[in-house]
Each structure stands twice: as C-alpha cells, then as structure tokens.
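Undergrad: just coords:
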C-alpha cells in the first residue's frame with residue numbers, strides 16, 4: 001500500500017513541473033460534513049502535491065475563536081501554506097460571500113500562476129459555490145468598499161442589514177411586488193435572503209431572478225448557475241455513516257472543552273461582546289456571532305462570575321447539467337482504512353487530472369428529479385414550520401427534530417398522529433393587497 005501511495009504522489013507531483021499550461025492543473029475541492037476529515041485530507045494532499053490550501057469556511061475568516069471555529073493549528077499551517085484564515089476583524093458584521101469570492105478568486109489565480117495546485121476545503125457550501133460557478137450578483141453598494149476596508153473595521157453603510165431590520169412579512173411583501181418569482185422561492189422568515197434580493201433590485205434596477213436567469217443562459221451555464229469559473233475542478237466528497245459521525249462530533253466537543261473552549265468564549269465575550277450585550281444590540285445572525293457558541297452559550301456568558309458554579313453548570317446543559325463537474329466520493333467511516341480508502345484514491349485521482357487522463361475511479365451519479373417542485377410550500381403542523389421545496393420537505397420529514405416531535409405527539413395521543421407527516425400545502429407565498 002505504501003508503494004502505491006508513493007507512486008500516486010510522484011505522478012501527481014510531477015505535473016506542475018512538466019506541464020506549463022495552467023489549464024492542466026486542477027482546482028481541488030474537498031467537501032463533506034463536519035467530522036469527516038476534510039482538513040486532514042487537504043493537509044496531506046497539500047504536502048504531497050506541493051499545493052496551497054484555501055479555507056472556504058465563513059467563520060474561520062475572523063480573527064480569534066480558534067477552538068470553536070476548529071481552525072487548523074499553527075503547526076499544521078507551517079506544514080502547508082494556508083489562506084483565508086483569521087484576517088477579518090471579529091466585530092465586522094458585513095463581511096459577505098462576495099468579499100470572500102473576490103479575495104479567494106484572486107488567491108487561486110495567483111496559486112495557479114505560480115504553477116501550484118489550489119486546494120479549497122470547506123466549510124461553507126455557498127462560499128465554495130461562489131468559487132466554482134458564476135453564481136453571485138454584484139450590486140452598486142458592493143463596489144463601494146473593498147475587503148481591505150472591511151478588515152480594517154471601517155464603517156460602511158450596508159443596505160442589506162438595514163432591510164433586515166424591517167418586519168419579515170412586510171419585507172417579503174415588498175419583494176413579491178418587484179420580483180414575484182424570487183419571492184415564491186423564499187420563506188418570509190428568511191429575512192437575510194429576502195433582503196438580499198430586494199437589495200439587488202434596488203441597486204441594479206433588475207430583479208434578482210432575472211439576473212440569475214441571465215447567468216444560467218450564458219454559454220456553459222446550467223441549473224446551478226453560470227459557467228464554471230475554473231476549467232478543471234476535481235471535487236472530493238467525504239462521507240461516513242451518520243452514527244459514526246455523531247460519535248466523532250461528541251468526541252470533538254469534549255476535546256474542544258478540554259482545550260479551553262469555555263475560556264475562549266468568555267475571553268472573547270469580555271473583549272468584544274460585553275459592550276454589545278450592555279447596549280442590547282448583539283446580533284447572532286451576522287459575522288462571527290453566527291458561530292456556535294454565542295447564541296447557545298449566551299446566558300452562560302452574561303452570567304459571568306455573578307452566579308455559583310452549580311448555576312453555571314445548569315446553564316451550560318441548556319446550550320450546546322454541463323456545468324456540473326464530476327464529484328468523487330471517498331468513504332471515511334473506518335478511520336483505520338484512511339490511507340487505502342481516502343488518501344490513496346485521492347492522490348490517484350488528482351494525478352490523473354494533472355496528466356490529462358480520465359481517473360479510474362467512477363464519480364458519483366447525481367440524481368435529479370425533473371418533476372421536483374422547488375417552490376412548493378409545506379406546513380408541518382407538528383413542528384409549526386413552513387418548508388419550501390419538495391426536497392427540503394423530504395429532508396425535514398427525516399430530520400431528528402421532526403421525528404422527535406412525531407414521537408412526542410404519539411405518546412400524548414397515539415390516535416391523533418398518522419403514520420405520514422402532518423402537513424398542509426401553500427401553493428403561493430404570503431400575498432397582500434397594498
């Protein structure tokens with residue numbers, strides 16, 4: 001096995017020095033749920049291929065909170081060049097995926113120009129999508145400031161954040177008047193996306209749905225967005241049995257706490273969040289405060305040293321198409337088979353990309369249901385939630401939260417709950433007369 005790994009690594013490493021054309025080098029992308037080993041594989045590939053790692057995690061861009069955002073250690077960063085980590089002021093609330101895309105795209109092009117392989121590891125799906133496809137719409141407001149200004153913490157008027165202060169139903173109604181197609185796709189409670197679509201219309205004069213439609217119609221575009229931004233993407237999807245992932249996540253939380261998670265949160269709260277709490281203006285929906293740990297640990301943090309250890313412990317228990325490139329699945333359930341099931345195949349696949357050959361491995365076949373309704377509205381009576389889209393509804397009915405509510409209701413009244421999930425359909429979003 002070691003010989004096979006060495007051969008694959010040598011074949012892959014030979015690429016950058018023997019092939020001068022930039023298009024021959026792949027953009028390696030590593031996807032997968034938390035706990036699948038994405039960072040581990042990225043580091044190993046980076047070391048063996050002489051590549052550089054680009055983090056696509058929306059929380060790791062912020063300075064501080066290294067434990068809770070699960071950043072790679074300084075020692076690991078010294079083993080392989082890492083980018084897009086710890087460079088944004090943690091109090092900045094308006095760092096967006098557009099800012100990320102602009103900076104990361106320039107970095108990837110620079111890595112390619114130096115005849116090295118960029119390895120994108122995520123992270124945050126829409127951050128990765130912004131690097132793979134032309135999927136974002138620039139607005140006038142976004143051209144008024146740069147990532148450099150944001151990182152300095154300079155005050156920039158953010159129209160989207162202003163819109164988000166409005167009532168959700170009123171915001172959704174306004175969108176339905178100017179862009180009914182986009183309004184039909186968005187839940188009234190999803191104020192961030194609704195505000196974004198309104199911002200696009202206000203600052204471009206064209207509906208968000210129309211701009212996206214134009215992207216899809218471009219040469220090389222498809223149902224996922226506009227054309228691919230880089231010509232040779234090599235995408236890995238790490239996956240494992242859910243029971244195994246659950247165990248790994250439980251262990252990770254224990255390790256985080258042992259490494260000083262609570263102390264990290266309290267120190268960050270003392271330095272940055274206490275003033276916002278005092279002014280009652282903390283916002284857990286933007287910036288670093290979206291990271292798990294602030295909303296969940298809020299009561300624990302504001303209690304500070306004013307309550308007994310027993311009370312603090314109780315508070316803690318309350319918390320915590322043509323444009324579709326091939327995707328290669330890597331099974332990571334058995335950690336003891338990492339080299340033969342994960343690292344070895346990944347090196348061989350990347351090596352094939354570099355040499356311009358078709359990998360021996362077969363990519364995953366993605367199922368696409370042409371009858372799927374992405375705009376259907378479903379109301380779950382059990383969970384008191386509205387779900388938009390057939391696929392999202394199917395996922396909801398299998399979610400832990402829904403199954404818990406179903407089990408709870410059956411205990412209270414076995415005859416009241418049918419075997420199938422309780423729902424009612426909403427063919428159209430909320431509409432009102434002006």
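TA: Okay, I see it. Not measured: the values here are computed from a predicted model.
Undergrad: any low-confidence regions in this structure?
TA: Within the chain, the ranges that satisfy pLDDT under 70 run 1-23, 139-158, 219-225, 273-323, 366-375, 414-434.
Undergrad: could you check the distance from residue 135 over to residue 107?
TA: Noted for residue 135: a distance of 18 Å to residue 107, by Cβ to Cβ, to the nearest Å. C-betas here are computed from N, CA, C, even on glycine.
Undergrad: Sorry, slip of the keys, the one I care about is residue 169.
TA: Taking Cβ to Cβ, one finds residue 169 at 41 Å from residue 107.
Undergrad: between the two, who's got more neighbours?
TA: Counted by other Cβ atoms under 10 Å, residue 169 and residue 107 do not tie: residue 107 has more neighbours, with 17 against 13.
Undergrad: so what's the nearest residue to that one once chain neighbours are set aside bridging to?
TA: Nearest residue to residue 107 in three dimensions, chain neighbours excluded: residue 83, at 5.2 Å (Cβ to Cβ, 6 or more residues apart in numbering). Assessed by DSSP bridges, residue 83 has beta-bridge partners residue 54.
Undergrad: hang on, isn't residue 83 packed against residue 56?
TA: No: with contact defined as Cβ atoms under 8 Å, residue 83 does not reach residue 56; the gap is 10.1 Å.
Undergrad: any shared contact partners between those two?
TA: Common neighbours of residue 83 and residue 56 are listed as residue 104 (criterion: Cβ atoms under 8 Å, 6 or more residues apart in numbering).
Undergrad: between those two, which one's more packed in?
TA: Between residue 83 and residue 56, counting by other Cβ under 10 Å, residue 56 is the more crowded of the two (28 against 18).
Undergrad: Helices along the stretch 51-200 of the chain, start to end?
TA: With DSSP state H, counting those that start in this stretch as the criterion, the stretch 51-200 of the chain has helices at 74-79, 97-113, 125-132, 147-151, 159-164, 168-178, 180-185, 191-204.
Undergrad: show me the contacts for the residue nearest to residue 107.
TA: Per Cβ under 8 Å, 6+ apart, neighbours of residue 83: 52-55, 104, 107.
Undergrad: For residue 335, state which of those is nearest.
TA: Nearest to residue 335 among the contacts of residue 83 is residue 53, at 21.3 Å by Cβ to Cβ.
Undergrad: I'd like the distance between that closest one and residue 131.
TA: 13 Å.
Undergrad: The two - which one has more neighbours?
TA: Legend: neighbour count by other Cβ under 10 Å for residue 53 and residue 131, higher for residue 53 (28 against 24).
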